[in-house]
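Undergrad: generate a structure from the sequence data that follows.
(2 chains)
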Amino acid sequence: MPRHADLLPGNLDLVILKAISLGEVHGYGVLLRIEQISGGAIAVQQGALYPALYRLEHQGMIESSWGTSENNRRAKFYRITPLGRRRFGEEKASWSRLADAIALALNATPQEI
Amino acid sequence: MPAIPGWALLAALGARLRSLARGLFHRDDVESEIREEFQHHVEMRTAALVRTGVSAADAALQARREFGHVDTHRADARESRGFRSLDQAFFSVLDVKLALRALRHRPLFTAVAIITFALGIGATTTLFTIVNAVLLRPLPYAEANRIVSVSESEDGKDHEVTPVPDYFAWRHADAFSSLAMYGGTSRVVRAGGSPKRMSGASVSASFFSVFGARPALGRTFASGEDTPNGPSVVLLSHALWLLFGGDSSVVGKAIALDDHPMTVVGVMPAGFAAPRAAAFWVPMQMDSVADAGVTFYAQVAGRLKPGATLDDARAQLAAILVQRPPPAVPRGMPKPGPVAPVVMTLHERMFGSTRPALLMLLGAVGFLLLIACANVANLLLARGASRQREFAVRVALGASRWRLVRQLLCESLAVSLTGAGLGLLIPLWTVGFFVRLSPASVARVDHIGVDGGVLAFTAGVSLLTGVLFGLVPAFAATRPDALQSLKEGGTRSTSTSAEHRIRQALVVVELGTALVLLTGAGLLTRSFARALAVDVGFEPAHALSLAVHLTRAGYPNDTVARAFFDRLASRVRALPAVQSVGYADAPALGGYHMSTRMVIPQTNEMSPPIAVMRVSADFMTAFGSKLVAGRLLDARDGAGAAPVVVLSENAARALIPGRTALGGTMPRGMEPGSPPATVVGIVRDIQEPGLDAPRLPQIYQPIAQVSAAEYPYLMAVRYTGEAAELLPAVRRITSGFDPMQVDVTLGAMQDEVDRIVAPRRFDSVVINVFAALALVLAAVGLYGVMAYQVTQRTRELGIRMALGADRMRMLRFVVGDGLRLTLTGSALGVALSLALSRFVAGMLFGVSAHDPFTYVAVPAVLIAVALGACYLPAWRATQVDPTVALRHE
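TA: As a prediction, this is how the structure comes out:
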């Protein structure tokens, strides 16, 4: 499977979980929502989306059911599960810690050494 | 990282399993769902593009292009559902096809690997077949592990039989649900034709409940039928019943045993032949009253009550013995030592003595299998290294590493399973040979064969070794970094130094293991040779032995018995090739002897037990006793002549210490009321080969000077010429003599001697075979590694030669390498042998487990063979043409 340099699978999963946690949504909708909440900064590669969704479903983080979409077509909708919520919480916390640590390192002044 | 709560783990596991199950059982649904979902996505994108003003057709095209190749997505999607692990975990037909093709492509490699493996598996399975039948398989009776064998020991020495009065006392022991006594017997049976002597058993009525056997027809013996003056009844075995016509009306009919009519009360089911190949059973009609000073002995077996243990039984029987009145002892004889019950399972009684040797051989064959597997692993490693270019190409084309490993595993399993199949032929062919050789297995020869248990064992071993010894080479061959280096342009495939070290380590292990086996073989063979070299004290060559068992029914007293023997002896002596004939009242080798002890006047101490043999005039000449001083007993030592004896050397030393016994007199008379006998000769002790000391020293007394003796038993016939001509003639005499009363075992004296060393011969032969195989395999392994090394270092060798090294230097260089491996292996092997030597120590005779000669000779042999194995690759190294080598990149 070709690797995507822009968004690593771990981070992609995190962002997808966030998008789905905001409410039930189908695959295309996840793409749109991610663009929305990141202010356009993150554009998910279409080839990476569905494998990530299926992976998350396989792991039990999200669950799916069939419904009708806005254009009156049959579509598969995804919801976050309690397990997914828990995983999201963990990943989010560790990501925040990492971000803080990097910020601290980048702002180090010569006197602090 | 915070601890994961249980519910989360379970939820995750559940989700994965559901997902896998769905993918497995509803594959079509899943596929169509994916298709539909993708389609929806593209439609949404198209609609979004149209809203921005793109034309419908262009929008559709763009949306599809953005989405990418649907098939790739589908494959990726499938993989992220975990299908990779399931779908591709097991071998597909393609893997098998590729594996077989790869093996066919290199027939020599495949053949060597398969044959090596077959040898290892074949040897292991052969031995396991024997071990399974003799040691592992339970006896064929109901709940056979509850059946125990009981005997009495005196002074710690197990007599292996029980006095009948003690059996009757023991019947009340609480630990047994039933207790029985029995003994072998043989009768002449007239069944559909000429009379035939058959062996059966004389048993108490409780015998059948001990063995848990129910009759197929009629009944077994009732409890009153095994008392003295009980009825003449008989039980037939299934085979004997068939000889009598095999119809159910036989119950109640009369048949003749030894010309006595016996009523058939029942028939036992097919396959029941307790205690050992019995054709019929008669009741043992005895009671507890001792018969005029003669003690009868019998074998005793019992069935333990549920919950009772061997220790319980032992304690109860000992308590009963303590309360028994002490037996009457004739004046002058010492009191018998303390008696104790000996209780063991019946299986242990029958086969316990074979366990150490069989287990040792099982260990040895395990080593052999290890060597074979190491060799195959080495071959696979070498093969893998040479196929790295093939693997690099396949990886470049997109194959995953696991895929390649799977195929290699498939190859190694194909080799191991084929090798196992081939290896199974070996026990089929050779088990018969080993069974004939092994005394122990003869007891269960009808059970020895390749059965379900053995097949399961073989299948298990070959699968396990195929996977284990294929896995490491498989992973080694598909190392990503090796494939990387190939991609970068190297044309020569190489193994890393780590891999090469593994191969060298494997060869060192092989050599060490082979040395252990060779050492074991050396020790056991020397042991066997020493046992054979023991001076048995007489001359077994050119002598026949006839064991004649006269029944009390036909020969009521010993005078009549002796007359029979005199008649038989004169008939046999008349044959042309016969030099001398004599008879004695005890077997020569082993068996039960009358023994006596005397007070030695000089020291006033009791002598050790000494066997007394009463012999006819010519017996000692016919037997071939080796004279040391004086003369053998002969015809002049008759009834009226002065009482004389001949002593064995040990007997002389024990009875008349301190001075020459020849010409002296015995401490007391041999017969009650007679004067002490004169010692007229000293002979060598009869010594069983393989024993450190003679069982008992011997006193020879002329049977003519004995008032009341045991019945004569052993007839010795010394002859000239070939046994083959004489045996049938003697057999004709004995069978014509008195077929109803006579039970004769006829054979060469040498056979009896050989029978005693038979177990040593068996152990020695088997381990020599294993050691030889191990040596060959280890040498082949070493050759393989050395040859490979030379090919790998062709360039280096070429450089050395171009720089002026002569061929001898090259030879020494390569051989030195091989020598280094061999010496390491030998050191390992010697250390291992020393550590394991205590497991063989019990089986050795005349040789210490640390015998220096063996420990020096065996490594020397190994080094010599190893040098031979290195020779060919070394010679090839000297043939390297420097220019070719240097050009060869």
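
Undergrad: residue numbers of chain A in contact with chain B?
TA: Applying Cβ under 8 Å from any Cβ of the partner chain, we find that chain A lies next to chain B at A:1, A:26-28, A:46-47, A:50-52, A:54-55, A:57-60, A:69, A:71, A:73-76, A:81-83, A:86, A:90. Yep, even glycine has a C-beta here, placed from its N, CA and C like the rest.

Undergrad: of the residues you listed, grab the buried ones for ChimeraX.
TA: Filtering the residues of chain A next to chain B down to the buried ones (16 or more other Cβ atoms under 10 Å in any protein chain shown) takes a single ChimeraX command:
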select /A:26,27,28,46,47,50,51,52,54,55,57,58,59,60,69,75,76,81,83,86
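
Undergrad: tell me which residue is most central in chain B.
TA: Nearest to the geometric centre of chain B sits residue B:358, at 3.7 Å (Cα atoms, centre = their mean).

Undergrad: any idea how many residues pack against the closest residue to that residue other than its chain neighbours?
TA: Excluding the flanking residues, the one nearest residue B:358 by Cβ to Cβ, 6 or more residues apart in numbering or on different chains is residue B:131, at 5.2 Å. A count of neighbours around residue B:131, defined by other Cβ atoms under 10 Å in any protein chain shown, yields 20.

Undergrad: got it, and residue B:312?
TA: Residue B:312: 17 neighbours (other Cβ under 10 Å).

Undergrad: what's the closest non-adjacent residue to it?
TA: residue B:175 (4.6 Å).

Undergrad: how about the strands in the stretch 51-200 of chain B?
TA: B:147-154, B:157-158, B:162-163, B:176-190, B:195-203 (DSSP state E, counting those that start in this stretch).

Undergrad: run the chain-centre distance for the second one.
TA: Relative to its chain's centre, strand B:157-158 lies at 25 Å (Cα atoms, centre = their mean, to the nearest Å).

Undergrad: quick one: strands adjacent to it?
TA: Take DSSP bridges as the rule and strand B:157-158 pairs in its sheet with strand B:147-154 (antiparallel).

Undergrad: state the distance from the residue in chain A positioned nearest to chain B to residue A:53.
TA: Going by Cβ to the nearest Cβ, chain B is nearest to residue A:60 of chain A, at 2.6 Å. Residue A:60 sits 13 Å away from residue A:53, going by Cβ to Cβ, to the nearest Å.

Undergrad: and what of residue B:511?
TA: Residue B:511 is 58 Å from residue A:53, where distance means Cβ to Cβ.

Undergrad: among the residues of chain A next to chain B, which are in helices?
TA: Taking DSSP state H, the ones among the residues of chain A next to chain B that sit in helices are A:27-28, A:46-47, A:50-52, A:54-55, A:57-58, A:82-83, A:86, A:90.

Undergrad: remind me what the host helix or strand of residue A:12 packs against, helices and strands.
TA: Per DSSP states H and E: residue A:12 is located in helix A:9-21. Helix A:9-21 is packed against helix A:27-37, helix A:46-58, strand A:74-80, helix A:82-106, with contacts defined by 3 or more Cβ pairs under 8 Å, 6 or more residues apart in numbering or on different chains; DSSP states H and E.

Undergrad: buried set for it?
TA: Using 16+ other Cβ under 10 Å as the test for burial, helix A:9-21 gives A:12-20.

Undergrad: and stretch B:848-863, by the same measure?
TA: B:849, B:851, B:854-855, B:858-859, B:862-863.

Undergrad: among those, which lie within helices?
TA: Checking the buried residues of stretch B:848-863 against DSSP H, those in helices are B:854-855, B:858-859, B:862-863.

Undergrad: and residue B:522, that one's in a strand?
TA: No. With DSSP: H, G, I helix; E, B strand; the rest coil as the criterion, residue B:522 is helix rather than part of a strand.

Undergrad: phi first, then psi, for residue B:688.
TA: Backbone torsions of residue B:688, given as degrees, to the nearest 10, read phi -80, psi 130.

Undergrad: pLDDT score for it?
TA: The score at residue B:688 is 79. That number is its pLDDT.

Undergrad: what residues are up against it?
TA: B:534, B:536, B:589-590, B:694-695, B:756 (Cβ atoms under 8 Å, 6 or more residues apart in numbering or on different chains).

Undergrad: in helices, which of the residues you listed appear?
TA: Of the contacts of residue B:688, the ones assigned to helices by DSSP H are residue B:756.

Undergrad: looking at the contacts of residue B:688, which gets the smallest pLDDT?
TA: Minimum confidence in the contacts of residue B:688 sits at residue B:590, scoring 64.

Undergrad: and residue B:728, how far from residue B:688?
TA: Between residue B:728 and residue B:688 the computed distance is 29 Å (Cβ to Cβ).
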